[in-house]
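Trainee: Predicted coordinates and the sequence they were generated for:
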Amino acid sequence: MALLGNYGFQSLSEDEFEFNFEIPTNCNYTTDYDSEKNINTISIQLNSGQSQPASTYNTETYTLNSVNSLLDVVFQQTLNGVTSTKPRVVITN
């Protein structure tokens, strides 16, 4: 799926992590945390009125905290009605 470019993270403290990821300039993202499953979801989708992702990317930054020494992050990408929940990043500290 073409909505997520490069991505990575760095540790800011023992339980705080900064995620950097690239998304097309005509896309946006939202975040959600499921406390029952302890999963953070970063959802990426095209802006309203767009049908194809742009070829240029913006770098986004988002800070997340681990819970009970675990950080579980999934990128959910939706393009033209098809949703992919990859990649998934799991950090234990």
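Mentor: Perfect, thanks for sending it.

Trainee: What distance do you get for residue 53 to residue 4?
Mentor: The gap separating residue 53 from residue 4 is 10 Å, by Cβ to Cβ, to the nearest Å. In short, each C-beta sits where N, CA and C put it, glycine included.

Trainee: actually residue 79, not the one I typed
Mentor: The gap separating residue 79 from residue 4 is 10 Å, by Cβ to Cβ.

Trainee: more neighbours, those two?
Mentor: Higher neighbour count among residue 79 and residue 4: residue 4, with 22 against 19, using other Cβ atoms under 10 Å.

Trainee: I'd say that one and residue 21 touch.
Mentor: Yes. Assessed by Cβ atoms under 8 Å, residue 4 is found in contact with residue 21 at 6.2 Å.

Trainee: okay, and the common contacts of the two?
Mentor: Common contacts of residue 4 and residue 21 (Cβ atoms under 8 Å, 6 or more residues apart in numbering): residue 75.

Trainee: any low-confidence regions in this protein?
Mentor: 1 (pLDDT under 70).

Trainee: can you give me the strands for it?
Mentor: Counting by DSSP state E, the chain has these strands, from start to end: 7-13, 16-24, 27-34, 39-46, 57-65, 70-79, 82-84, 88-92.

Trainee: how big is the angle separating the fifth one from strand 88-92?
Mentor: Just to be clear, that refers to strand 57-65. 40 degrees (axes from the mean of the first three to the mean of the last three Cα atoms, to 10 degrees).

Trainee: Strand 57-65 pairs with which strands?
Mentor: Take DSSP bridges as the rule and strand 57-65 pairs in its sheet with strand 16-24 (antiparallel).

Trainee: cool, the last one as well?
Mentor: Within its sheet, and counting by DSSP bridges, strand 88-92 is paired with strand 70-79 (antiparallel).

Trainee: next one: the partner strand to chain centre, how far?
Mentor: In this view, strand 70-79 has its centroid 5 Å away from the chain centroid, taken as Cα atoms, centre = their mean, to the nearest Å.

Trainee: what do you get for stretch 66-84?
Mentor: Relative to its chain's centre, stretch 66-84 lies at 6 Å (Cα atoms, centre = their mean).
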